[in-house]
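>>> Pasting the sequence and the predicted model now:
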There are 2 protein chains.
Amino acid sequence: MALRGAPLIGASAAYGYVLGLQEFLNKKKSSLKTPLKAWTELHFHLERVAKILKTSRPTAVSLFYAVNRMENQKNHFIAGHPASLSQALFKMLEQEAETIFEEDVKSCQKMAEDGSKLIPKEAMVMTYCNTGALATCGIGTALGVIRQSYAEGKIRQVYVCETRPYLQGSRLTLWELMQDKIPATLITDNMAAYLMKTEKIDAILVGADRIAANGDVANKIGTYALAIQARHHRIPFYVVAPTPTLDFQLPTGADIPIEQRSPQEVLRIGSSQITSGRASAWHPAFDVTPHELITALVTEKGIVEPPNEKTMGQLKGAG
Amino acid sequence: MALRGAPLIGASAAYGYVLGLQEFLNKKKSSLKTPLKAWTELHFHLERVAKILKTSRPTAVSLFYAVNRMENQKNHFIAGHPASLSQALFKMLEQEAETIFEEDVKSCQKMAEDGSKLIPKEAMVMTYCNTGALATCGIGTALGVIRQSYAEGKIRQVYVCETRPYLQGSRLTLWELMQDKIPATLITDNMAAYLMKTEKIDAILVGADRIAANGDVANKIGTYALAIQARHHRIPFYVVAPTPTLDFQLPTGADIPIEQRSPQEVLRIGSSQITSGRASAWHPAFDVTPHELITALVTEKGIVEPPNEKTMGQLKGAG
């Protein structure tokens, strides 16, 4: 949890792959006499690096997307340079990580501009978890749309759900909004429905960790609850996520692996124990929101409204 | 917040009224020479006591119910004993407080026995906030039903929502269940919907702070969200509350005053600041669940299923 936010996890894994190669090159600098042996060792080392990176978090697919891109580049390079183990491979992989980073910066900007068109004037919006500059390489996904809408003078108030148990809303999103002087009010997650009933909320914007072929969305635990409440109050529910979040291999959200984290994280808040340490707790880090509850999916390749088995096809080849 | 739970607040206010009288009697013991002057002073003193008690919390109607009962008894006594200011009034009021307490103990037991009939065998149930021995004079309202059902061998698992911001679920309900060795698992409030989707939850049981004539229920903030989620998953949603919680003066829940508490309580957890102290937060302590989302209301005078303008009539005269 030192790093979080699907797009940031993806780009970071790409750089992690480069660091894995650097580690190998530093160690082997003097001893790489036989090119064939070196190639074999490098192969095993990078396989280990990729495996460690891929087993760090199971739910966000951006991680697998980025590491797969790095592995493909590596394989492609090796095929073209069968005998030269050099800084050239390092440079090329570093460039690929840089590209993944830059693509995310641009995606954030594009989604912000497109997504902002969905936000009415004088808008009261609600957001969840953290999907801003602390979760991506750019201005954010859902929070990027909010930033852009605010820059266009359309945001009256942002309500931020605290997002238990990790409190990404109160600790990260609220901080980002305060830095940008965007009017923001914190609520506990269980207040969201009552707020929807008593105040006119114009839109709810969230990010995504993985999106299945039919448009079902895995995102921070609690997203599903918000989507049900939004539907009950007939409030548009928008998911904002770049195409590396798409996983067309999985037909539905039921196939998305959900990370189970330590129950201790529910029994504590930060370092404070809030109940008996012997108590039982449940801690799925994510949940799955069925596409039927999603008004539109905003990606850098276009808006899918509403997302479903058919409409998601327009993004095929992108993810 | 030193005291919480509508039934406990009610009984405590009754004893508070008795203490208010005791304070007066102790102070005035020597100086009460002129009966007429003493009566006037007593009258003003008890009016002040009642006012302080009634302005301590606005939402739970049990408070007003109990203080009104004490005031009625006082007026009745004074009418019958126009000139004797004595320990007799104190004794009589102490007896009335005792009666309110005992009635709640019996109500809890009756609701537990009746409510338990709604719970199937091998049940997985969910509860919210604290409605147990720490919130009533007896075994509890919703938690009383769970206790009774467990005693009858019908409870497989209780899921306890932590209930932000005060964490009555993790700090009080989980503790009560652990004391009774009833299998209990803690979840954060935002996990409830996903749990309803992934596990078979048989019933959700909550308490109430005030119930309007049409069956709308004010209860701890977050109850409304749970009721929406229960409806979405077709899970029975039961409110368990004694008749002093009824307020037939109010046609609908829209008329129930909702206590707004300090935003600081949302910015902190216990004594730990979780975000900038300069941040804005919203903190309604209660919300209103419309009767349409409530499967049945369990009272000590019978079960109303489903509660609405018509069916609530069967409890008239009780509240």
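Alright, I've got the coordinates. In this text the structure is predicted, and so the values were computed from the model without any measurement.

>>> Could you find the closest non-adjacent residue to the residue in the stretch 201-319 of chain A that chain B sits nearest to?
For the stretch 201-319 of chain A and chain B, the shortest gap (CB to the nearest CB) falls at A:Gly222, measuring 2.9 Å. All C-beta atoms are positioned from the backbone trio N, CA, C, and that covers glycine. Leaving aside its sequence neighbours, A:Gly222 sits nearest to B:Asn190 (CB to CB, 6 or more residues apart in numbering or on different chains; 2.9 Å).

>>> Quick check: phi and psi at the residue in the stretch 1-150 of chain A positioned nearest to chain B.
Closest contact between the stretch 1-150 of chain A and chain B, by CB to the nearest CB, is at A:Tyr128 (8.8 Å). Phi and psi for A:Tyr128, reported as degrees, to the nearest 10, are phi -140, psi 150.

>>> check contacts around it.
Counting by CB atoms under 8 Å, 6 or more residues apart in numbering or on different chains, A:Tyr128 makes contact with A:142, A:161, A:163, A:169, A:204, A:206, A:219-220, A:222-223, A:226.

>>> possible to save these as JSON lines with pLDDT, secondary structure and distance to A:Lys110?
Converted to JSON lines, the contacts of A:Tyr128 look like this (pLDDT from 0 to 100; DSSP: H, G, I helix; E, B strand; the rest coil; distance: CB to CB, whole Å):
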{"residue": "A:Ala142", "pLDDT": "98", "secondary structure": "helix", "distance to A:Lys110": "14"}
{"residue": "A:Cys161", "pLDDT": "98", "secondary structure": "strand", "distance to A:Lys110": "26"}
{"residue": "A:Thr163", "pLDDT": "97", "secondary structure": "coil", "distance to A:Lys110": "26"}
{"residue": "A:Gly169", "pLDDT": "97", "secondary structure": "helix", "distance to A:Lys110": "25"}
{"residue": "A:Ile204", "pLDDT": "98", "secondary structure": "strand", "distance to A:Lys110": "21"}
{"residue": "A:Val206", "pLDDT": "98", "secondary structure": "strand", "distance to A:Lys110": "18"}
{"residue": "A:Asn219", "pLDDT": "98", "secondary structure": "strand", "distance to A:Lys110": "20"}
{"residue": "A:Lys220", "pLDDT": "98", "secondary structure": "strand", "distance to A:Lys110": "23"}
{"residue": "A:Gly222", "pLDDT": "98", "secondary structure": "coil", "distance to A:Lys110": "27"}
{"residue": "A:Thr223", "pLDDT": "98", "secondary structure": "helix", "distance to A:Lys110": "23"}
{"residue": "A:Leu226", "pLDDT": "98", "secondary structure": "helix", "distance to A:Lys110": "25"}
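
>>> between those residues, which is nearest A:Gly10?
Comparing the contacts of A:Tyr128 against A:Gly10 with CB to CB places A:Asn219 closest, at 15.2 Å.

>>> Give me the below-cutoff pLDDT ranges for the stretch 51-200 of chain A.
Filtered on pLDDT under 70, the stretch 51-200 of chain A yields the residue ranges A:82-86.

>>> Roughly how far does the residue in it positioned nearest to chain B sit from B:Leu315?
Going by CB to the nearest CB, chain B is nearest to A:Asn190 of the stretch 51-200 of chain A, at 2.9 Å. According to CB to CB, to the nearest Å, A:Asn190 and B:Leu315 sit 28 Å apart.

>>> Give me the more crowded residue out of the two.
Taking other CB atoms under 10 Å in any protein chain shown, A:Asn190 and B:Leu315 do not tie; A:Asn190 has more neighbours (31 against 20).

>>> hang on, the more buried one packs against B:Ala227?
No - the pair A:Asn190 and B:Ala227 does not pass the contact test of CB atoms under 8 Å, sitting 11.7 Å apart.

>>> Now do the strands in the stretch 101-250 of chain A.
Remark: strands assigned in the stretch 101-250 of chain A by DSSP state E, counting those that start in this stretch are A:123-127, A:155-161, A:184-187, A:203-206, A:210-212, A:217-220, A:237-240, A:246-247.

>>> Quickly list the domain ranges of chain A.
Here the domain parsing of chain A from automatic domain parsing is A:6-108, A:110-315.

>>> mind listing what the nearest residue to A:Gly144 once chain neighbours are set aside touches?
In space, and not counting its chain neighbours, A:Gly144 is closest to A:Ala112: 3.9 Å by CB to CB, 6+ apart. A:Ala112 is in contact with A:139-140, A:144-145, A:147-148, counting by CB under 8 Å, 6+ apart.

>>> Which ones among the residues you listed map onto helices?
If you go by DSSP state H, the contacts of A:Ala112 have A:144-145, A:147-148 in helices.

>>> The nearest residue in space to A:Tyr224 that is not next to it in sequence: what secondary structure?
With CB to CB, 6+ apart as the criterion, A:Tyr224 has its nearest non-adjacent residue at 4.3 Å, and that residue is A:Asp287. Three-state call for A:Asp287 (DSSP: H, G, I helix; E, B strand; the rest coil): strand.

>>> Hmm, A:Ile228 and A:Asp287 touching each other?
No - applying CB under 8 Å as the test, A:Asp287 and A:Ile228 come out as separate, 10.8 Å apart.

>>> Now the common contact residues for those two.
Taking CB under 8 Å, 6+ apart as the contact rule, A:Asp287 and A:Ile228 both touch B:Ala193.

>>> picking that back up, any idea which of the strands of the stretch 101-250 of chain A gets closest to A:Leu293?
Closest to A:Leu293 of the strands of the stretch 101-250 of chain A is strand A:237-240 (CB to CB; 6.2 Å).

>>> neighbouring strands for that closest one, and are they parallel or not?
Next to strand A:237-240 in the sheet, as set by DSSP bridges, lie strand A:203-206 (parallel), strand A:296-299 (parallel).

>>> for those strands, which one sits closest to B:Met178?
Per CB to CB, nearest to B:Met178 of the strands paired with strand A:237-240: strand A:203-206, 34.7 Å.

>>> Tabulate the strands of the stretch 101-250 of chain A (CSV), appending distance to B:His76 and mean neighbour count.
Converted to CSV, the strands of the stretch 101-250 of chain A look like this (distance: least, CB to CB, whole Å; neighbours: other CB atoms under 10 Å in any protein chain shown):
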stretch, distance to B:His76, mean neighbour count
strand A:123-127, 52, 24
strand A:155-161, 50, 23
strand A:184-187, 47, 24
strand A:203-206, 55, 26
strand A:210-212, 69, 30
strand A:217-220, 59, 29
strand A:237-240, 57, 26
strand A:246-247, 73, 24
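
>>> Dump those into a markdown table; add distance to A:Arg4 as well.
Shown next, in a markdown table, are the strands of the stretch 101-250 of chain A (distance: least, CB to CB, whole Å):
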| stretch | distance to A:Arg4 |
| --- | --- |
| strand A:123-127 | 15 |
| strand A:155-161 | 16 |
| strand A:184-187 | 19 |
| strand A:203-206 | 14 |
| strand A:210-212 | 14 |
| strand A:217-220 | 9 |
| strand A:237-240 | 16 |
| strand A:246-247 | 19 |
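
>>> Relative to A:Gln264, which of those is closest?
That would be, of these and by CB to CB, strand A:217-220, which comes in at 18.6 Å.

>>> Neighbours of A:His108, how many?
Slight slip there: residue A:108 is Cys, not His. Neighbour number of A:Cys108 under other CB under 10 Å is 29.
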